[in-house]
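Chemist: return a 3D structure for these sequence lines:
(one chain, ligands or ions: 1)
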Amino acid sequence: MKEEFLKHLQRILREDQRALEENMSSHVTFRTGGPAEYYVRPNRQQIQPVLELCRRFDVPWMVIGNGSNLLVGDRGIRGLVMEIGRMMDRISIDGEFVTAEAGALLSSAARYAAKESLTGMEFASGIPGTVGGAVVMNAGAYGGEIKQILKSVTVLTEDGQERELGAEELDLGYRHSCILERRLIVLEAKLQLSKGNPEEISDRMEELKNRRVEKQPLEYPSAGSTFKRPEGYFAGKLIQDTGLRGYQVGGAQVSEKHCGFVINREKAVSKDIRQLITDVQDQVEAQFGVRLEPEVKFIGDF
Ligand SMILES: Cc1cc2nc3c(=O)[nH]c(=O)nc-3n(C[C@H](O)[C@H](O)[C@H](O)COP(=O)(O)OP(=O)(O)OC[C@H]3O[C@@H](n4cnc5c(N)ncnc54)[C@H](O)[C@@H]3O)c2cc1C
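Modeler: Modelled structure (predicted):
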């Protein structure tokens, strides 16, 4: 059965678009995790036939973007991982609208918009995800979030239908959308910005970049803020006040620079990171009665 599946996959995708037992650590920003049974990088036209094949052979599938919000289990991922990235990264601008394919980097879209003197996306310039991943997560920073600028998305449904959905249909909330629950694949997003002052736009982007460099442990692999912000608190402050700054499990560590970040300090495996996350949740809860919820998504077998 596996051979049959592969034979069909080979008919859809070029050799450089598919791999077997692909090491996931090179596709996620934590730089940990085991292999994906099948790893593919389809272009827009190839996604539908790949899905169809998975359905026919009963192979589970999932989508990743830039892997900047994912922790992959050390035992890897059974089934097919579809990367929506460089094969789908076109960006175009028409007046105040930016249309970006899901695999485009959010930072590239923000830079492109800035070049065209469009304001509204400055907050997104330092978020290291794809446009698709940012829509799924309703990514945000420094008072901005995707919800504020998203007009509509083009998605592929699980049964292979292409649909355009208005932003209001996506149930966008704090680091949440209904895209994963509905098993949709984001193909493209349309963002609405407004005309701005080029100097002010680039000054704001520079300012936010400097704030990140100053405050965040960007020199180590991580997935950004590990936990969601609990209502009425800041995750980093709670962790710090629990006395967990620098707390380590194996090679994973609560960043000394910013306690809201769990980092891969030195050759961590995903099990270390997961254990550390659980320890932090338990200890913060014991001290403050608040259960932190991970923002990072766990995938595969641990
Ligand atoms: C240093 C650092 C700083 C960060 N700072 C921020 C920040 O300021 N604000 C913030 O919000 N986040 C931040 N993040 C987290 C991360 O960059 C965002 O969550 C980002 O939106 C994830 O995009 P991605 O392409 O990497 O998605 P991935 O991590 O690859 O995937 C995230 C989820 O989206 C799904 N997905 C991805 N693409 C698609 C698609 N095309 N269709 C359907 N589903 C899809 C995946 O299945 C997965 O469930 C940071 C991360 C790092 C490493």
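
Chemist: near the ligand, which residues of the stretch 51-200 of the chain? Just list them.
Modeler: Residues of the stretch 51-200 of the chain lying near the ligand by CB under 6 Å from any ligand atom: 62-70, 84, 102, 127-130, 132-134, 136-137, 139-141, 179-180, 185-186. Bear in mind the C-beta positions are built from the backbone N, C-alpha and C, glycine included.

Chemist: inside strands: which ones of those residues?
Modeler: Per DSSP state E, strands hold the following members of those: 62-64, 70, 140-141, 185-186.

Chemist: turn those residues into a markdown table, including neighbour count and pLDDT.
Modeler: Listed next are those as a markdown table, based on neighbours: other CB atoms under 10 Å; pLDDT from 0 to 100:
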| residue | neighbour count | pLDDT |
| --- | --- | --- |
| 62 | 17 | 97 |
| 63 | 21 | 98 |
| 64 | 25 | 98 |
| 70 | 24 | 98 |
| 140 | 18 | 97 |
| 141 | 17 | 97 |
| 185 | 23 | 98 |
| 186 | 27 | 98 |
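
Chemist: can you count the residues close to the residue lying closest to residue 112 once chain neighbours are set aside?
Modeler: Spatial nearest neighbour of residue 112, excluding adjacent residues (CB to CB, 6 or more residues apart in numbering): residue 91 at 5.2 Å. By other CB atoms under 10 Å, 17 other residues sit near residue 91.

Chemist: wait, residue 91 touches residue 101, no?
Modeler: Yes: assessed by CB atoms under 8 Å, residue 91 is found in contact with residue 101 at 7.3 Å.

Chemist: which helix or strand contains the residue in the stretch 151-300 of the chain that the ligand sits nearest to?
Modeler: For the stretch 151-300 of the chain, the residue closest to the ligand is residue 224, as judged by CB to the nearest ligand atom, at 2.4 Å. Taking DSSP states H and E as the definition, residue 224 sits inside strand 222-225.

Chemist: who does that strand pair up with?
Modeler: With DSSP bridges as the test, strand 222-225 is paired with strand 261-264 (antiparallel).

Chemist: mean confidence for the strand it pairs with?
Modeler: The average of the pLDDT scores along strand 261-264 is 98.

Chemist: quick revisit: hmm, who's touching the helix or strand just after the strand holding residue 224?
Modeler: The first helix or strand that comes after strand 222-225 along the chain, using DSSP H and E, is helix 235-241. With CB atoms under 8 Å, 6 or more residues apart in numbering as the test, helix 235-241 has contacts from 225-230, 245, 254, 258-261, 280, 284, 287-288, 290, 292.

Chemist: 6 Å instead, please
Modeler: If you take CB atoms under 6 Å, 6 or more residues apart in numbering as the criterion, helix 235-241 is touched by 227, 229, 258-260, 280, 284, 288, 292.

Chemist: near the ligand at all, it?
Modeler: No: Helix 235-241 lies out of reach of the ligand by CB under 6 Å from any ligand atom, never closer than 12.7 Å.
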